[in-house]
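>>> Have a look; sequence and predicted model below, questions after that.
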Amino acid sequence: MTRTVASLCFILLFAVVSASAQTTKPWTEWSRKDAEKTLNDSAWAQTQTETDTSQMTYSPTVTPTTASRREDSRVSEAGKTETGANKSPVSVKYRVRLLSAKPVRAAFARMVQLQQEKPNEALATQLQAFVNREFDEYIVVAVAVDSSDQKSSRVALQSLTMATPETLKDIAYLERKDGKRLVLMDYRAPGPDGMGAKFIFQRKLDGNLFLTPDSDNFRFVVEFNEKFKVAARYKVSAMTYEGKLEY
């Protein structure tokens, strides 16, 4: 038991140290792992995974009789699989990121930078400007779809592509723990930048900032239908970057 507790403490300590290093190093020194963690699993980005098992087939216990039947059911064409073979469950990942938060933009910029074979000063200047951009009036939530199954991702992407501010106004919102909500102000469908769809909200509610360092938590919700609902929760106390609340 003592050894287990000690191991757990070490793991937790390592996680805290890694997160600290990630947010204190200049973004230009982040590793690919640092950038990916900020984009997919951090205080400013959540990954929601939905798994569809409806296409899986039942595989009974194999007996000599069923094995014989199974042998008879094999198709004759080369390269095709046995009738009744199991299919793997299909998973779709929704990456929900606070694009108006500086560390998320820094992570996107670093991923672009890491793809360059040699330093590009002009690009570096553009990326730094993108990272330093101020979002004094808006909160921007970016939603991207990631799946190895093209059919599943295509369905989700179609919903995001066909959406408009009007169709989303009643189904997309930011909500604080106290129940206060920000309604959608504007929307941008997924484009070639690879950041996904952008949901845009006013930064203030009734003349006051929607979030402050004293806020508890909030969530982003968009519900297209029963199969496509995104709900990501963020803890404000964990969203400090370079000494400032970033969202």
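Nice, thanks for sending it over.
>>> separation between Val92 and Asn120?
34 Å (C-beta to C-beta, to the nearest Å). Just so you know, the C-beta spots here come from the backbone N, C-alpha and C atoms, and that holds for glycine as well.
>>> let me fix that: Phe135
As judged by C-beta to C-beta, Phe135 and Asn120 stand 26 Å apart.
>>> Same check on Ser147?
Going from Ser147 to Asn120 by C-beta to C-beta gives 31 Å.
>>> which regions of this structure sit below the pLDDT cut-off?
Judged by pLDDT under 70, the chain has its weakly predicted residues at 1-23, 52-88.
>>> Which parts of it are strands?
Using DSSP state E, the strands of the chain run over 45-52, 90-98, 138-146, 172-176, 181-183, 186-188, 197-202, 204-205, 208-209, 217-223, 229-235, 240-241, 244-245.
>>> Can you name every helix or strand that the third one contacts?
Just to be clear, that refers to strand 138-146. strand 90-98, helix 150-162, strand 197-202 (3 or more C-beta pairs under 8 Å, 6 or more residues apart in numbering; DSSP states H and E).
>>> Skipping adjacent residues, who's closest to the residue nearest the centre of the chain in space?
The chain has Arg95 as the residue nearest its centroid, 1.5 Å off, counting by C-alpha atoms, centre = their mean. Distances taken as C-beta to C-beta, 6 or more residues apart in numbering place Ala144 nearest to Arg95, at 4.3 Å, with adjacent residues excluded.
>>> My read is that that neighbour contacts Gly191, right?
No: with contacts counted by C-beta atoms under 8 Å, Ala144 stays clear of Gly191, the gap being 11.1 Å.
>>> Which of those two has more residues huddled nearby?
In this view Ala144 and Gly191 are compared by other C-beta atoms under 10 Å, and Ala144 has more residues nearby, 20 against 11.
>>> tell me, how many neighbours does Leu39 end up with?
By the measure other C-beta under 10 Å, the count of residues near Leu39 is 23.
>>> Val222 too?
Residues lying near Val222 (other C-beta under 10 Å) number 24.
>>> Please name the bridge partners of it.
On the basis of DSSP bridges, Val222 is bridged to Ala172, Val230.
>>> Can you give me every residue that contacts it?
The contact partners of Val222, by C-beta atoms under 8 Å, 6 or more residues apart in numbering, come to 143, 168, 171-173, 199, 229-230.
>>> let's go with 10 Å and repeat that
Residues in contact with Val222 (C-beta atoms under 10 Å, 6 or more residues apart in numbering) are 94, 96, 141, 143, 159-160, 163, 168, 171-173, 184, 187, 197, 199, 228-232.
>>> Let me have the helices and strands packed on strand 138-146 in TSV, extended by distance to Pro26.
Conversion of these to TSV gives the following (distance: least, C-beta to C-beta, whole Å):
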stretch	distance to Pro26
strand 90-98	20
helix 150-162	33
strand 197-202	26
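>>> The residue nearest to Arg95 touches Gly196, doesn't it?
Yes: contact between Ala144 and Gly196 holds when scored by C-beta atoms under 10 Å: they sit 3.1 Å apart.
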